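turn this into a structure:
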Amino acid sequence: MKPIINFLAVAPVLFLVACSSTPPTVKAKRNMIETVKVSNSQQTVPKELWLELSRRQAGEVILYQDVNIKLEQTYISALGTQCHKVSLFKRLTSLTPQTRVVCQSADSSSWVMTPNVIDNKNELISLGNDQ
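Got it, this is the predicted structure:
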């Protein structure tokens, strides 16, 4: 009987001590991912296309130099700007389209092509205003 009483007297103290101590600090010794290359550069869309992008609807195609720009989807971004998901085709050389996103600038004065989240190993189709 005495051991049970001793155990019941000591158990709450042990429980409180265990709960009040901080857990061990764990520090990673190796990175989970390799370094990520982040690009904040945005390509300004040529001025001749700004009005077309503002008034065209999804499904329409804009012809610009040697590039067909098909508007796939129109939406409002999380930043509150109008955006189009577009497919770009080089007329004579591109068999598969490149999907990109163009959005109005924050002040709605111009349109910019947003950088890809994933680095595309293929050469990106340019609209001529590389920055």
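
buried residues, stretch 52-60. List them.
For stretch 52-60, the buried set under the neighbour-count rule, 16 or more other C-beta atoms under 10 Å, comprises E52, L53, R56. In short, each C-beta sits where N, CA and C put it, glycine included.

and the closest residue to the last one other than its chain neighbours, helix, strand or coil?
To tie it back to what came earlier, the one meant is R56. Nearest in space to R56, with sequence neighbours left out and distances taken as C-beta to C-beta, 6 or more residues apart in numbering, is L71 at 5.6 Å. The three-state label given to L71 by DSSP: H, G, I helix; E, B strand; the rest coil is strand.

didn't L71 look like it was pressed against E52?
No: with contact defined as C-beta atoms under 8 Å, L71 and E52 do not form a contacting pair (9.2 Å).

need the next SSE after the lengthiest helix in the chain, C-terminal direction.
The longest helix of the chain (DSSP state H) is helix 2-20. Taking DSSP states H and E as the definition, the helix or strand that follows helix 2-20 towards the C-terminus is strand 43-44.

with only the CA atoms kept, save the following helix or strand past that next one in PDB.
Under the assignment DSSP H and E, the closest C-terminal helix or strand after strand 43-44 is helix 50-55. Coordinates of the C-alpha atoms in helix 50-55 are reproduced here as PDB (Å, rounded to 0.1, in the frame of the first residue of the first chain):
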ATOM      1  CA  TRP A  50      -2.800  46.900 -74.700                       C
ATOM      2  CA  LEU A  51      -6.200  47.900 -76.100                       C
ATOM      3  CA  GLU A  52      -6.700  44.500 -77.700                       C
ATOM      4  CA  LEU A  53      -6.000  42.700 -74.300                       C
ATOM      5  CA  SER A  54      -8.400  45.100 -72.500                       C
ATOM      6  CA  ARG A  55     -11.400  44.500 -74.800                       C
END
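
for the protein, where's the lowest mean pLDDT among helices and strands?
Ranked by mean pLDDT, DSSP states H and E, the weakest helix or strand in the chain is helix 2-20, scoring a mean of 75.

what about that one, distance to the chain center?
Using C-alpha atoms, centre = their mean, to the nearest Å, we find the averaged C-alpha position of helix 2-20 to lie 53 Å away from the chain's own average C-alpha position.
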